[in-house]
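Trainee: here you go, sequence then predicted model.
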Amino acid sequence: MIYVKKPNELDKMRVAGKLTGDALKHIEEKIKPGVTTAQINKWIHEFITSQNATPSFLGYHGYPASACVSVNDVVVHGIPGDRVLQEGDIVSVDVGVIKNGWQGDAARTFAVGKISPEAQKLIDVTRECFFEGIKHARNGRRLGDLSSAIQRHAESHGYGVVREMIGHGIGRQMHEDPAVPNFGKEGTGVMLKTGYTIAVEPMINAGTFKIKFEPDGWTTRTADGSLSAHYENTIAIRDGEPEILTL
């Protein structure tokens, strides 16, 4: 069942969403060579809790940290630790916030120092995929219109679109209906309605779309060792353009 948010509930989601976006802004300038992934997690945790909010990832299905910090070929769910970021790395940071019982979810991929043109292009195209997709995120459109737009844009650059990991509805719970794939066919899927709130999150690989899972049960890597980038925002469906709650 997809839950339509009332105006007062959307107001609460705007607060959670703003904090989520602010958490990512908070760490953007701190990400540089020599920083560990654990430090990034610490900064995220301290920021969220300083706002009288709760990191929604911490303890979620047993996840041990407040942020997912995924370096280079790690697609998603990288567990923060003692890994030291090096010049030329790219690092995806995924953050969730609970404030007054409502959720926000967003992710960005950051450059660590000076990166290759190829890595920068992957980051840029992944972000473009999000904005290409949400052109179709409005009342009366099919979810497949959004998904297919993301896939077309990524594949036009020769990139792989991850299949196993997808976006999702969001509200009081981190993961709600509907599922929001980054691939699909136009004119298919759920009919979007005003008041739906979804997390749209292209996960785009420089090589194959295939992934592999590490024994820790969380860390997910590209199957061929190619770079991967991630860009996510929580959005609210409206009659016209969607509202991005985490920017």
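Mentor: Received it, and whenever you're ready, just let me know what you need.
Trainee: ranges for the helices of this structure?
Mentor: 7-28, 37-50, 117-134, 143-156 (DSSP state H).
Trainee: run through who's touching the second one.
Mentor: When contacts are defined by C-beta atoms under 8 Å, 6 or more residues apart in numbering, helix 37-50 is touched by residues 19, 22-23, 26-27, 30-31, 54-55, 58, 65-67, 69, 71, 78, 80-83, 85, 91, 93, 95, 97. Just so you know, the C-beta spots here come from the backbone N, C-alpha and C atoms, and that holds for glycine as well.
Trainee: give me the buried subset of those.
Mentor: Among these, the ones that count as buried by 16 or more other C-beta atoms under 10 Å are 19, 22-23, 26-27, 31, 54-55, 58, 65-67, 69, 71, 78, 80, 83, 85, 91, 93, 95, 97.
Trainee: among those residues, which are in strands?
Mentor: 54-55, 67, 69, 71, 91, 93, 95, 97 (DSSP state E).
Trainee: just the residues you listed now: which is nearest residue 129?
Mentor: residue 93 (17.7 Å; C-beta to C-beta).
Trainee: show the contacting residues for that closest one.
Mentor: Taking C-beta under 8 Å, 6+ apart as the contact definition, residue 93 lies against 24, 27, 31, 40, 44, 67-70, 107-110.
Trainee: next: residue 145.
Mentor: Residue 145 touches 136, 186-187, 189, counting by C-beta under 8 Å, 6+ apart.
Trainee: make TSV out of those and add pLDDT and neighbour count.
Mentor: Compiled in TSV, those are given as follows (pLDDT from 0 to 100; neighbours: other C-beta atoms under 10 Å):
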residue	pLDDT	neighbour count
136	97	19
186	97	15
187	97	10
189	96	20
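Trainee: can I get these in TSV including distance to residue 222?
Mentor: Listed next are the contacts of residue 145 as TSV, based on distance: C-beta to C-beta, whole Å:
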residue	distance to residue 222
136	27
186	27
187	30
189	26
